[in-house]
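**Student:** Next come a sequence and a model predicted from it.
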Amino acid sequence: MRGRRMGVTSPCPQAQRLRDALCGPGFFACDGAAGFAAACTAVPADSSQSSAVASRARIGPCGGVLQEAYRASRQLHAAEAALGEAARWTQRKPLDAPRRWWFTVAAGRGLPECEEYPGVAAALRAADALFAAPAGALAEAAAAALGLPAGALRGAAAAAMLRGLRYRPTDGHGLGISEHVDFGDFTLCHGDGPGLEARAVEAGVQRWLALPPGQLLFLAGPGLEKKSAGAVRAVRHRVAAGAAERFSFCRLHRCGGGAERSVVTSPLQSLLHGSALERTSLPGPTISDGRFCSLGGTAEAPPRPVGDAGSCV
Ligand SMILES: O=C(O)CCC(=O)C(=O)O
Ligand SMILES: [Fe+2]
């Protein structure tokens with residue numbers, strides 16, 4: 001069933017590319033989603049800097065909402081860490097010797113409000129909305145590209161939960177999160193440093209592929225696998241232990257959190273493409289706005305090399 005075509009008639013090149021990525025690896029980098037375009041990956045972590053400064057450098061100075069969200073996440077995690085077992089907003093795993101901590105932003109769940117952590121809740125809600133916009137566009141585009149009934153993935157962007165994760169630095173042994181698939185239709189991830197790895201199968205050989213930090217990454221989930229009758233496979237992924245503290249955001253879509261409602265999404269402002277993954281000869285889609293076929297010329301835009309910081313310093 002894997003790679004089976006799903007009854008799409010004359011797909012536009014971008015929809016074709018999206019379908020190839022979904023039915024192939026199931027994961028890809030989304031380059032150019034509004035608010036994520038400025039994320040920089042070129043500045044390597046400098047061991048002479050504090051991890052917070054190094055992380056900021058990797059996110060880039062022009063990340064806007066995202067940069068504020070990472071600042072808020074660091075602030076919340078630091079405050080919670082100081083509380084130890086009395087922490088109220090974060091969970092941790094493993095319980096006895098935690099390697100990662102996370103808090104959740106979702107409908108019906110509280111966030112630390114103003115007096116306690118000034119600006120934190122607002123920054124995290126803004127981050128949630130930042131992820132929701134490309135999620136809505138991707139849900140529509142993926143349904144169309146796969147030939148699923150219109151609206152098959154509608155509501156996924158709203159029924160979501162955003163996790164703000166922190167990984168402690170390690171001696172490089174073990175894993176921050178062991179191998180798993182997420183729940184829901186798909187996950188969008190963004191990390192401030194390396195660590196996230198996806199299982200890729202090339203020529204029948206499986207290997208762990210390091211996914212680039214500082215980029216918005218799409219990972220197919222079991223919901224999409226089921227809805228596509230196995231044409232798309234949920235992506236197995238894990239987080240490798242790293243020498244630097246790592247922060248990330250992951251938004252899981254249609255995962256039972258939040259109310260089902262249709263969302264009106266703003267179009268993606270420029271390109272999404274799989275540049276980082278193309279380096280590894282895995283296909284990645286070139287996607288423009290929620291309709292995908294409307295900007296035909298952009299499909300030919302050359303891939304941006306990994307680590308190209310663009311206008312960011
Ligand atoms: O931190 C990451 O980049 C991935 C986290 C993850 O896989 C998860 O929370 O399910
Ligand atoms: Fe995950």
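**Tutor:** Thanks, I have it. Numbers count the residues shown, from 1 in each chain. Ligands and ions are numbered 1, 2, ... in the order given.
**Student:** taking the mean pLDDT, what do you get for the lengthiest helix in the chain?
**Tutor:** Across the chain, the longest stretch assigned as helix under DSSP state H is helix 120-146. For helix 120-146, mean pLDDT is 93.
**Student:** Does that helix reach ligand 1?
**Tutor:** No: if you take CB under 6 Å from any ligand atom as the test, helix 120-146 misses ligand 1, and the best it gets is 13.0 Å. Where you see a C-beta, it was placed from the backbone N, CA and C, and this is true even at glycine.
**Student:** Leaving out sequence neighbours, find the closest residue to H173.
**Tutor:** A241 (6.2 Å; CB to CB, 6 or more residues apart in numbering).
**Student:** Distance of the one you found relative to ligand 1?
**Tutor:** Distance from A241 to ligand 1, counting by CB to the nearest ligand atom, to the nearest Å: 12 Å.
**Student:** give the contact list for that residue.
**Tutor:** For A241, the contact set (CB atoms under 8 Å, 6 or more residues apart in numbering) comprises R99, Y167, T170, D171, G172, H173, G174, L175, G176, G195.
**Student:** is the residue in the stretch 51-200 of the chain positioned nearest to ligand 1 in a bridge, and if so with what?
**Tutor:** Nearest to ligand 1, among the residues of the stretch 51-200 of the chain, is L196, at 3.9 Å (CB to the nearest ligand atom). Beta-bridge pairing for L196 (DSSP bridges): V239.
**Student:** ok, back up a step: most neighbours of all the contacts of A241, which one?
**Tutor:** Y167 (25 neighbours; other CB atoms under 10 Å).
**Student:** and the closest residue to ligand 1 within the stretch 201-313 of the chain, bridged to which residues?
**Tutor:** Closest approach between the stretch 201-313 of the chain and ligand 1, counting by CB to the nearest ligand atom: S248, at 3.5 Å. Counting by DSSP bridges, S248 is bridged to L165, G191.
**Student:** what's the burial count for it?
**Tutor:** 24.
**Student:** List the residues that contact it.
**Tutor:** G164, L165, Y167, C189, H190, G191, D192, G195, L196, V239.
**Student:** repeat that with 7 Å
**Tutor:** L165, C189, H190, G191, D192 (CB atoms under 7 Å, 6 or more residues apart in numbering).
**Student:** how about the residues you listed, which pair is most distant?
**Tutor:** The largest separation in these, counting by CB to CB, is between C189 and D192 at 11.3 Å.
**Student:** more neighbours, these two?
**Tutor:** With neighbours defined as other CB under 10 Å, C189 and D192 compare such that D192 has more, 30 against 25.
**Student:** Quick check: pLDDT value at that one.
**Tutor:** pLDDT, read off for D192, is 93.
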